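**Q** Below are the sequence and a predicted model; questions follow.
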Amino acid sequence: MPNHEDTLGQFLKKEREFRKLTQEDVGKFTRYHVSKIQALEEDQHELLPSQPYVKGMLRSIAKYLGLDVHELLSRYEEL
């Protein structure tokens with residue numbers, strides 16, 4: 001179960017690192033630029049495009065990392 005003490009970005013980064021994946025690996029699979037993945041992991045939401053774009057990113061990343069899509073989206077919506 002995800003640790004809600006972590007920010008969304010910290011959670012995503014931990015999950016990615018736990019799987020020994022780089023931001024580049026995630027970018028290749030999801031086709032999102034590494035700079036967007038980095039901004040998401042660093043909770044720099046002001047550097048990210050619109051909410052629908054970010055939700056699409058989260059869906060793709062969740063699919064790649066095997067995470068619960070609904071959990072990620074609800075955490076994002078809490079921001």
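**A** Here it is on my side, so go on.
**Q** pLDDT weak spots in this structure?
**A** Within the chain, the stretches falling below the threshold (pLDDT under 70) are 1-4.
**Q** elements contacting the longest helix seen in it?
**A** Scanning the chain for the longest helix, with DSSP state H as the assignment, gives helix 51-65. Under the contact criterion of 3 or more Cβ pairs under 8 Å, 6 or more residues apart in numbering; DSSP states H and E, helix 51-65 touches helix 8-18, helix 23-30, helix 34-41, helix 69-77. C-betas here are computed from N, CA, C, even on glycine.
**Q** now do 7 Å
**A** Helices and strands touching helix 51-65, by 3 or more Cβ pairs under 7 Å, 6 or more residues apart in numbering; DSSP states H and E, are helix 8-18, helix 23-30, helix 69-77.
**Q** can I get the ones you listed in TSV with mean neighbour count and distance to A39?
**A** As requested, the helices and strands packed on helix 51-65 are exported to TSV (neighbours: other Cβ atoms under 10 Å; distance: least, Cβ to Cβ, whole Å):
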stretch	mean neighbour count	distance to A39
helix 8-18	17	8
helix 23-30	16	10
helix 69-77	14	13
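**Q** can you redo these as TSV with distance to I61?
**A** TSV is the format used below for the helices and strands packed on helix 51-65 (distance: least, Cβ to Cβ, whole Å):
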stretch	distance to I61
helix 8-18	7
helix 23-30	6
helix 69-77	8
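**Q** Figure out which of these is closest to G56.
**A** Across the helices and strands packed on helix 51-65, G56 has its closest neighbour in helix 23-30 (9.1 Å, Cβ to Cβ).
**Q** Please name the residues that touch E41.
**A** With Cβ atoms under 7 Å, 6 or more residues apart in numbering as the criterion, the residues that contact E41 are G9, L12, K13.
**Q** contacting residues for the second one?
**A** Applying Cβ under 7 Å, 6+ apart, we find L12 in contact with L40, E41, I61.
**Q** What is the nearest of those residues to L79?
**A** Ranked by distance to L79 (Cβ to Cβ), the contacts of L12 are led by L40 at 11.2 Å.
**Q** now that closest one, nearest residue through space, not along the chain?
**A** Using Cβ to Cβ, 6 or more residues apart in numbering and skipping the chain neighbours, the partner closest in space to L40 is G9 (5.9 Å).
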